[in-house]
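1. Return atomic coordinates for the entry below.
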Amino acid sequence: MKLADYVINTISGYGIKDIFVVYGAANGDLIDAFVRNKDTRYVAMMHEQGAGFAAEGYAKISGKFGVAIATSGPGGMNFVTSIGNCFYDSVPCLFITGQIKTQYMRPSSDIRQVGFQETDIVSIVSSITKYAKLITDPNNIRYELEKAILIATSGRPGPVLLDLPINIQKAQIDPTSLKGFKENNFSKIKNQSIEKGVECFLNDLKNSHRPCILVGGGVRMSNAHDELLVLARELAIPCFPTWNALDIVCSDFEYYGGRVGTYGGPGRNFGIQNSDLLLAIGSRISGRITGGDPHTFARGAKKYLVDIDKPALDKKYQQLPFDVCIHSDAKFFINVMLKKLNDKNFGKLKKYKNDLDSWMSRVKDWRDNYDPVKKEMFKPSEYVHPYSFLRILSEEMTNDDIIIGDCGGNIVALNHAFKTKTGQRYLTNNGNSPMGFSFAGAIGAWLASDRKQNVVCVIGDGGFNMNIQELQILVNYKVKMKTIILNNHIYGITKAFQETNFQGRSEACGPKGYNPPDFIKICEAYCVNTMIIDDGSDYEHMRQQIREFLDNDGPIVCDVNCHEYHTYDPKIVGWSTPIEDMYPYLPREEFYLNMIVEPLEISKDPPLPSIHESQE
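-> This next block holds a predicted model:
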């Protein structure tokens, strides 16, 4: 058997139905192998970055790993952003690059290049992959392929890369004689300390008056989303999702406490900031959650952190040192706690739950009273208010639908305004957060879905420009996804950043230096259906337009005119500001009324952040 056939057949054996590719001479044998495999197919994307983004979307929706294949040289280098996406968001993906024949590869790093389109892609991506390997011996292919896939899908998931020279792809191999990779080569997590950590937390819970759970994307990666909801109901305490977990703890969940971080959201962070016991599961607790002064985050709480990534538990690496750090897969930890809750030693918690009703009620009051979407946003206006539009969109989408957000101002507006429903999938890329992810990512998500529900991409005009060429995929593969362009004709979040840091000089972000094209004409050139929503004078009429958009049977792009909107509130202004102290500022009396735990002196005027702070 040709080695290239073995690679495609092996991947197919894992149940991967779609593999995203861009053809080139150096991966020709791999692409040709699809002809002899009837269980998987290639999806020929227009750009390697789009192929990588699509593989990420496929992985996130399918629950399997994604696969993307590129040629050597520039093909592999175009994967770098996509690989970074998967690395920082912990997404299992296998990236395969073609490489020139081994006889033409440079013999030493002292030589810049020998073969045409020769690039040491393994060295380039080594810092953003869990594993990267150049294959030079055909007899190692089974071992390396099985090893790469296991590494990608084990522990904290992530991307891997295999680099296959042309002559290696063409090599004839005997699959029955190949050595495999044994899973027991991996060291296992020692579970002795997990039970102790659970018992410690439950004992603290008995003495807690304001406990809460912070839920991160690691809960989804460990397939523990259902167990997490069971646990939350057992404990009856508020749950706060990070931006990677908005489809785990949804807006309609009875113990949903609101959204947290530097851009706040429902509740303006008052719930988590007033807690006295915090359990964080599957979250790396980034600066986007804590704010620039991490020690002000949940400052009155004893803090527990559960993570599969052992270095993240080392206090010397933590921006915010946690009191108790537990090395565990989220699913295993949750199941241990559910078992402990049924033990007689912790049976008193059943009675104790009733004492938390007033705390949960207060968190809900904060969540509902401090909704970023306000009544005045629905007043008639010349252009569309994105918050009002997105709130209506969330009301009209169903529990089975999938929504994919991009980055920049549009993802802030989406996370502020969109109310998720249990059963929905809601995803973006938060760790790397590149403009243009959601359009190609939604293609992969649609292909991984059962194709009976709506798959909606929300993107800004800047992001849509980044991968606009993938419109052709909607036509070529009859991908019936729906795309919303929140078109403010500027780089909105960048413009807001410049107004704070550069005395209002808006260079290169519009209208000076940047101006988007007529997207409707471009989409029509690709033979994709379009519609325009540009009237903010009647939001009930807008609701009808949104229904028409969602009911469309086929790919459609909707251009929503949010002309120059770039106000994304509430948010912290100033990197040393605690996250409850958000702009626009509350009256001083109202602020102190909401802070139970050591309220810090708030600013009368917005402090200026450092010019090094990035809002992107």
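2. C-alpha from now on. contacts and neighbour counts both.
-> Noted.
3. Would you check that Tyr383 makes contact with Met542?
-> No. Contact criterion Cα atoms under 8 Å: Tyr383 and Met542 do not qualify, at 11.6 Å.
4. For the two, list the residues in contact with both.
-> Common neighbours of Tyr383 and Met542 (criterion: Cα atoms under 8 Å, 6 or more residues apart in numbering): Asp535, Gly536.
5. what stretches of the stretch 51-200 of the chain score poorly on pLDDT?
-> 184-190, 192 (pLDDT under 70).
6. got the residue ranges for the helices in it?
-> 74-77, 80-88, 121-125, 141-153, 166-170, 192-206 (DSSP state H, counting those that start in this stretch).
7. any idea which of the ones you listed is most buried?
-> helix 80-88 (a mean of 24; mean count of other Cα atoms under 10 Å).
8. so that helix versus helix 141-153, what angle?
-> Between the axes of helix 80-88 and helix 141-153, defined by axes from the mean of the first three to the mean of the last three Cα atoms, to 10 degrees, the angle is 60 degrees.
9. if we can go back for a sec, nearest to Asp110, of the helices of the stretch 51-200 of the chain?
-> Closest approach to Asp110 among the helices of the stretch 51-200 of the chain is made by helix 121-125 (14.4 Å; Cα to Cα).
10. Show me how far the closest one is from its chain's centre.
-> Relative to its chain's centre, helix 121-125 lies at 24 Å (Cα atoms, centre = their mean, to the nearest Å).
11. now stretch 19-30
-> The answer for stretch 19-30 is 27 Å, by Cα atoms, centre = their mean.
12. and what of stretch 247-256?
-> Counting by Cα atoms, centre = their mean, stretch 247-256 comes out at 17 Å from the chain centroid.
13. likewise stretch 266-276?
-> Using Cα atoms, centre = their mean, the offset of stretch 266-276 from its chain centre is 23 Å.
14. what's it in contact with?
-> 208-212, 240, 257-261, 278, 297-302, 363-372, 416, 570, 579-580, 582, 594-597.
15. That one spans what distance, first to last residue?
-> 20 Å (Cα to Cα, to the nearest Å).
16. How about stretch 303-322?
-> Span of stretch 303-322 from end to end, Cα to Cα: 5 Å.
17. Also stretch 468-487?
-> Termini of stretch 468-487 sit 14 Å apart (Cα to Cα).
18. Would you mark the buried spots in it?
-> Residues 468-474, 479-487 are the ones in stretch 468-487 that count as buried (16 or more other Cα atoms under 10 Å).
19. Kindly report the same for stretch 583-601.
-> Under 16+ other Cα under 10 Å, the buried positions of stretch 583-601 are Tyr583, Tyr585, Phe591, Tyr592, Asn594, Val597, Pro599.
20. Spatially nearest residue to the last one, not counting backbone neighbours?
-> Read it as Pro599. Take Pro599 and drop its neighbours on the chain: the residue closest to it by Cα to Cα, 6 or more residues apart in numbering is Tyr592, 6.5 Å away.
21. Ok, the fifth one next?
-> With Cα to Cα, 6+ apart as the criterion, Asn594 has its nearest non-adjacent residue at 6.8 Å, and that residue is Phe270.
22. What separation do you get for that neighbour and Phe240?
-> 11 Å.
23. One more: Pro372?
-> 16 Å.
24. higher neighbour count, the two?
-> Phe240 (26 against 22; other Cα atoms under 10 Å).
25. Which of the residues in the host helix or strand of Asn465 are classified as buried?
-> Assigned by DSSP states H and E, Asn465 falls within helix 461-466. By 16+ other Cα under 10 Å, the buried positions in helix 461-466 come out as Asp461, Gly462, Gly463, Phe464, Met466.
26. In TSV: those residues, plus distance to Ile493 and pLDDT.
-> Supplementary listing: the buried residues of helix 461-466 in TSV, determined by distance: Cα to Cα, whole Å; pLDDT from 0 to 100:
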residue	distance to Ile493	pLDDT
Asp461	12	96
Gly462	11	95
Gly463	12	96
Phe464	15	97
Met466	17	96
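27. give me the low-pLDDT residue ranges for the protein?
-> Using pLDDT under 70, the flagged stretches of the chain are 184-190, 192, 344-354, 602-616.
28. Can you pull the domain assignment for it?
-> Per the record, the chain has its domains at 3-185, 192-369, 375-561, by automatic domain parsing.
29. Turn the ones you listed into a markdown table, including distance to Trp575.
-> A markdown table is the format used below for the domains of the chain (distance: least, Cα to Cα, whole Å):
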| stretch | distance to Trp575 |
| --- | --- |
| domain 3-185 | 22 |
| domain 192-369 | 4 |
| domain 375-561 | 12 |
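30. returning to what we had before: can you say which of the helices of the stretch 51-200 of the chain is nearest to Asp18?
-> Closest among those, using Cα to Cα: helix 141-153, at 16.1 Å.
31. in the stretch 151-300 of the chain, which spans are strands?
-> 159-165, 211-215, 239-241, 277-281 (DSSP state E, counting those that start in this stretch).
32. Just the CA atoms of the last one, as CSV, please.
-> What that stands for is strand 277-281. Extracted C-alpha coordinates of strand 277-281, given in CSV (Å, rounded to 0.1, in the frame of the first residue of the first chain):
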residue,chain,number,x,y,z
LEU,A,277,-15.8,30.6,47.9
LEU,A,278,-14.8,30.1,44.3
LEU,A,279,-14.4,26.9,42.4
ALA,A,280,-12.9,27.3,38.9
ILE,A,281,-13.2,24.3,36.6
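33. That strand vs strand 211-215, what angle?
-> Using the same axes, to 10 degrees, strand 277-281 lies at 20 degrees relative to strand 211-215.
34. List the contacts of strand 277-281.
-> By Cα under 8 Å, 6+ apart, strand 277-281 touches 204-205, 208, 210-216, 218-219, 272, 298, 300-307, 330.
35. Please apply the same query to the longest one.
-> Here strand 159-165 makes contact (Cα under 8 Å, 6+ apart) with 26, 83, 86-87, 90-102, 121-122, 128-136, 145, 148-149, 151-152.
36. Restricting the selection to alpha carbons, write it to PDB.
-> Provided in PDB are the C-alpha atoms of strand 159-165 (Å, rounded to 0.1, in the frame of the first residue of the first chain):
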ATOM      1  CA  PRO A 159      -2.800  20.800  17.600                       C
ATOM      2  CA  VAL A 160      -0.200  18.400  16.200                       C
ATOM      3  CA  LEU A 161       1.700  18.500  12.900                       C
ATOM      4  CA  LEU A 162       3.200  15.800  10.700                       C
ATOM      5  CA  ASP A 163       5.500  16.900   7.800                       C
ATOM      6  CA  LEU A 164       5.500  14.300   5.000                       C
ATOM      7  CA  PRO A 165       8.100  14.600   2.100                       C
END
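37. quick one: buried residues of that strand?
-> Pro159, Val160, Leu161, Leu162, Asp163, Leu164, Pro165.
38. Now the first one. Nearest residue, chain neighbours left out?
-> If I follow you right, that is Pro159. Cys93 (4.6 Å).
39. Please give me every residue in contact with that neighbour.
-> Cys93 neighbours (Cα under 8 Å, 6+ apart): Ala55, Glu56, Ala59, Phe65, Gly66, Val67, Ala68, Cys86, Ala152, Gly158, Pro159, Val160.
40. Quick check: closest non-adjacent residue to Gly24.
-> By the measure of Cα to Cα, 6+ apart, the closest residue to Gly24 outside its immediate chain neighbours is Thr71, 5.0 Å from it.
41. tell me the contacts of that neighbour?
-> By Cα under 8 Å, 6+ apart, the neighbours of Thr71 are Val22, Tyr23, Gly24, Ala25, Ala26, Asn27, Thr97, Gly98, Gln99.
42. beta partners for the residue nearest to Pro159?
-> Gly66, Pro159 (DSSP bridges).
43. and the gap between it and Asn415?
-> Taking Cα to Cα, one finds Cys93 at 26 Å from Asn415.
44. Count residues in the vicinity of the residue nearest to Asn85 when sequence neighbours are not counted, would you?
-> Closest residue in space to Asn85, ignoring its immediate chain neighbours: Asn432 at 5.2 Å, by Cα to Cα, 6+ apart. Summarising burial for Asn432: neighbours were counted as other Cα under 10 Å, giving 17.
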